[in-house]
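**Student:** turn this into a model:
(chains A and B)
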Amino acid sequence: MSKEKVTVHPRVSFGLEAHRADRKALALREQANIACRHLSQKVAFGLLWLTGLVAVAVLVLVVAYVVLQGWKVVRVDFPDFLLTPPRGGLSAEGGISTTIVTTFYLVLLTIGIATPLGVGAAVYLVEYAGEMRGRSGLISRLVGVVRFGVELLAGVPSIIFGLFGYALFVSAMHLGFSLLSAALAGACLVLPVIIRASEEALCAVPRCYREGSLALGTTQWQTVWKVVLPAALPGIITGIVLSVGRVVSETAVFYVTLGGSHHLPTSLFSGGRTMALHLYYLAMDTRAFDKAMGTGAVLVVTIVLINLAINSVSRRLTAGLKGG
Amino acid sequence: MNSKAVKLAMQNCQLFYGDFQALRDVSIQVPCNQITSIIGPSGCGKSTFLRTFNRMNDLIPGVLVEGEVFLDGQGVFDMDVVELRRRVGMVFQRPNPFPKSIFDNVAYGPRSHGVRDRTQLAHIVERSLRDAALWDEVKDCLDRSALAFSGGQQQRLCIARALAVEPDVILMDEPASALDPVATLRIEELIQKLKEKYTIVIVTHNMQQAARASDYTAFFMMAEDRAGYLVEYGLTREIFTNPRHKQTEDYITGRFG
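**Tutor:** Here you go, the predicted model:
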């Protein structure tokens, strides 16, 4: 009986063998498959790592080159380079003190004009006109036009804003080449940046905050002012930081609105020269590339410092709001 | 039911989102200082029904309400919506504290209504947090961000925030559905206590919750075109022990939905 039990029919045994072989092959194939997938992941991550490295390396190289080359120039008569005004004319003599101060004046003035306008427009588009979406009528169509206009403005070359600023503020409104003309033209330039950043920040505020506030019997304005805007503040500040960078580094707009005087501006109506503009004059008119490099280094360091400062302020502002 | 004063009422109410009818011919009378629970399958218009009383539906574009809705006999569509929402508070499904401190969350409502005095605000905040059974847990850290607390604590904070503006009615839209069983039980105990001072209407998915925590129950269903309608409304113990409609019986015994 036991003998009968162990004898296996030849065809069955053949089938079993084949089955085992099949399973072995399957397992091998699966192993190869997994190895292949791991490999492709390694390759993909390697490539991604490489692209990241290249991007950062280019950035670091540019900044390091400018700062190092510039520092050589600045070092020659440090700190006089930062503390004396440029001589003016075609000589590249003197420092850059007045251009630093003018840059700060212009940033403050431009951002001061553009921020309330930009944030206000974004609040209107999101909080008020947002409700009009999907409805027919004049307002919803106007809102569509405004939104399209903002998109369009963001892509317009800055020299166009410069020419516009020249035509409107400098000549038509008789403001002359002045801080005020330049700040107004600069505000037009950064307005789309601030509007879009603020719009995104406002849209990201959860709907439940608005509902929670309105359900307590607050007006829509109270809800916007006390709940929505504070929650959107970090995003709005990001937009302002980007705008500050834009103003500090802009030349085309200010070339045709700010004049180019190397003296310290004494009022809103006096002209001036920002660091970026000075750099442009040095490189194009006087061919003093060493001085230009020095100014460039100061410019880059200034932009980095401004970013760090605003980021730390915004972090402090929002630190109290988050849990933990 | 007639022996008790009516707080909220609806008369032949129809509600449309554009072409879609969400509520059909709803008439109901919600008694004062009682807990009324709203049950029914998903999508039958429970939340829409609840949000009609404080006109939160107004925020949705294209919404249209026909029929009458009353608070204390006064039509809510004739009232100022800001005043209406102060008198009819709301607690939402997910805890939604503002990203502010505990104190500022609770003080937000009274401040918005013009209370400036610091001691008075402190008094309101303490009273509201006590009423919401949260005071003992947070009295030492009123300056901490509300987002640092647990979901159950956040939901009780949202209740405290609603109480701070001294409403007559509190609407609750599945207030415990995002919470664990222990936190849910605490919210239920709290609701029992709150009914001494407030009229409470609570939407719930949880039949046991409706059965053990409410005085009245309204059962909603949806018709073939997905419009919600009121099937049966009455004392909770009658609805759950002796329902008059077959649909109600099927639903509460779990044969449906």
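**Student:** quick one, grab the pLDDT at A:Thr51.
**Tutor:** According to the prediction, A:Thr51 has pLDDT 96.
**Student:** next: B:Leu230.
**Tutor:** So, for B:Leu230, pLDDT stands at 93.
**Student:** how close does it get to B:Lys100?
**Tutor:** 39 Å (Cβ to Cβ, to the nearest Å). Placement of C-beta: from N, CA and C, glycine included.
**Student:** please apply the same query to B:Ala9.
**Tutor:** Distance, B:Ala9 to B:Lys100, by Cβ to Cβ: 36 Å.
**Student:** cool, A:Tyr65 as well?
**Tutor:** 47 Å.
**Student:** closest residue of the stretch 201-324 of chain A to chain B?
**Tutor:** For the stretch 201-324 of chain A and chain B, the shortest gap (Cβ to the nearest Cβ) falls at A:Gly217, measuring 3.1 Å.
**Student:** number of residues surrounding that residue?
**Tutor:** A total of 23 residues lie near A:Gly217 under the criterion other Cβ atoms under 10 Å in any protein chain shown.
**Student:** contacting residues for the closest residue to it other than its chain neighbours?
**Tutor:** In this structure, A:Gly217 finds its nearest non-sequential neighbour in B:Arg86, 3.1 Å apart by Cβ to Cβ, 6 or more residues apart in numbering or on different chains. Neighbour list for B:Arg86: A:216-217, B:109, B:113, B:165-167 [criterion: Cβ atoms under 8 Å, 6 or more residues apart in numbering or on different chains].
**Student:** got the phi and psi for the residue in the stretch 1-150 of chain B positioned nearest to chain A?
**Tutor:** Across the stretch 1-150 of chain B, the shortest distance to chain A (Cβ to the nearest Cβ) belongs to B:Arg86, at 3.1 Å. When read as degrees, to the nearest 10, the backbone of B:Arg86 gives phi -70, psi -40.
**Student:** do the same with A:Phe78
**Tutor:** Torsion angles, degrees, to the nearest 10, at A:Phe78: phi -90, psi 140.
**Student:** neighbours of it, how many?
**Tutor:** Residues near A:Phe78, counting by other Cβ under 10 Å, number 13.
**Student:** relative to B:Ala22, how far out is it?
**Tutor:** If you go by Cβ to Cβ, the gap between A:Phe78 and B:Ala22 works out to 74 Å.
**Student:** now do the helices in the stretch 101-250 of chain B.
**Tutor:** Counting by DSSP state H, counting those that start in this stretch, the stretch 101-250 of chain B has helices at residues B:102-112, B:118-131, B:135-138, B:151-163, B:181-194, B:207-213, B:236-241, B:246-252.
**Student:** next, the angle from the first one to helix B:151-163.
**Tutor:** Spelled out, it's helix B:102-112. 20 degrees (axes from the mean of the first three to the mean of the last three Cα atoms, to 10 degrees).
**Student:** now do helix B:102-112: which elements does it pack against?
**Tutor:** helix B:118-131, helix B:151-163 (3 or more Cβ pairs under 8 Å, 6 or more residues apart in numbering or on different chains; DSSP states H and E).
**Student:** OK, contacts around the nearest residue to A:Tyr128 once chain neighbours are set aside?
**Tutor:** Spatial nearest neighbour of A:Tyr128, excluding adjacent residues (Cβ to Cβ, 6+ apart): A:Gln220 at 7.8 Å. Contacts for A:Gln220 (Cβ under 8 Å, 6+ apart) come out as A:127-128, A:214.
**Student:** derive a ChimeraX selection command for the buried subset of those residues.
**Tutor:** Restricted to buried positions by 16 or more other Cβ atoms under 10 Å in any protein chain shown, the ChimeraX selection for the contacts of A:Gln220 reads:
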select /A:127,214
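**Student:** isn't B:Val115 up against B:Ile124?
**Tutor:** Yes. B:Val115 is within contact range of B:Ile124, at 7.0 Å (criterion: Cβ atoms under 8 Å).
**Student:** hang on, the earlier thing: A:Tyr65 and B:Lys100: which has the busier surroundings?
**Tutor:** A direct count of neighbours by other Cβ under 10 Å for A:Tyr65 and B:Lys100 places B:Lys100 higher, at 20 against 13.
**Student:** get me the contact residues on chain B for chain A.
**Tutor:** Residues of chain B lying close to chain A (Cβ under 8 Å from any Cβ of the partner chain) are B:54, B:56, B:59, B:61-62, B:82-87, B:89-90, B:92, B:94, B:96-101, B:108-109, B:112-113, B:145-149, B:158, B:161-162, B:165.
**Student:** filter these down to the buried ones.
**Tutor:** Among those, those classed as buried by 16+ other Cβ under 10 Å are B:54, B:56, B:82, B:84-87, B:89-90, B:92, B:94, B:96-101, B:108-109, B:112-113, B:145-147, B:149, B:158, B:161-162, B:165.
**Student:** how long is stretch A:201-209 end to end?
**Tutor:** Terminal residues of stretch A:201-209 are spaced 14 Å apart (Cα to Cα, to the nearest Å).
**Student:** centroid-nearest residue for chain A?
**Tutor:** A:Leu242 (4.1 Å; Cα atoms, centre = their mean).
**Student:** okay, now the residue lying closest to that one once chain neighbours are set aside: neighbour count?
**Tutor:** Nearest residue to A:Leu242, sequence neighbours excluded (Cβ to Cβ, 6+ apart): A:Val193, at 5.3 Å. The tally of other residues near A:Val193 (other Cβ under 10 Å) stands at 22.
**Student:** these two touch, right, A:Val193 and A:Gly239?
**Tutor:** Yes. A:Val193 lies in contact with A:Gly239 (Cβ under 8 Å); the separation is 5.9 Å.
**Student:** so how far is A:Thr98 from A:Ala283?
**Tutor:** 18 Å.
**Student:** kindly report the same for B:Thr48.
**Tutor:** 66 Å.
**Student:** how about A:Leu202?
**Tutor:** Distance from A:Leu202 to A:Thr98, by Cβ to Cβ: 39 Å.
**Student:** for A:Val244, give me its contacts.
**Tutor:** Residues near A:Val244 by Cβ under 8 Å, 6+ apart: A:107, A:111, A:306-307, A:310.
**Student:** that one and A:Ile96: what is the separation?
**Tutor:** Applying Cβ to Cβ, the value for A:Val244 to A:Ile96 is 19 Å.
**Student:** can you report phi and psi for the residue nearest to A:Tyr128?
**Tutor:** phi -60, psi -40.
**Student:** least trustworthy helix or strand in chain A by mean pLDDT?
**Tutor:** When each helix and strand of chain A is scored by mean pLDDT, DSSP states H and E, helix A:2-6 comes last, with a mean of 50.
**Student:** all set, thanks.
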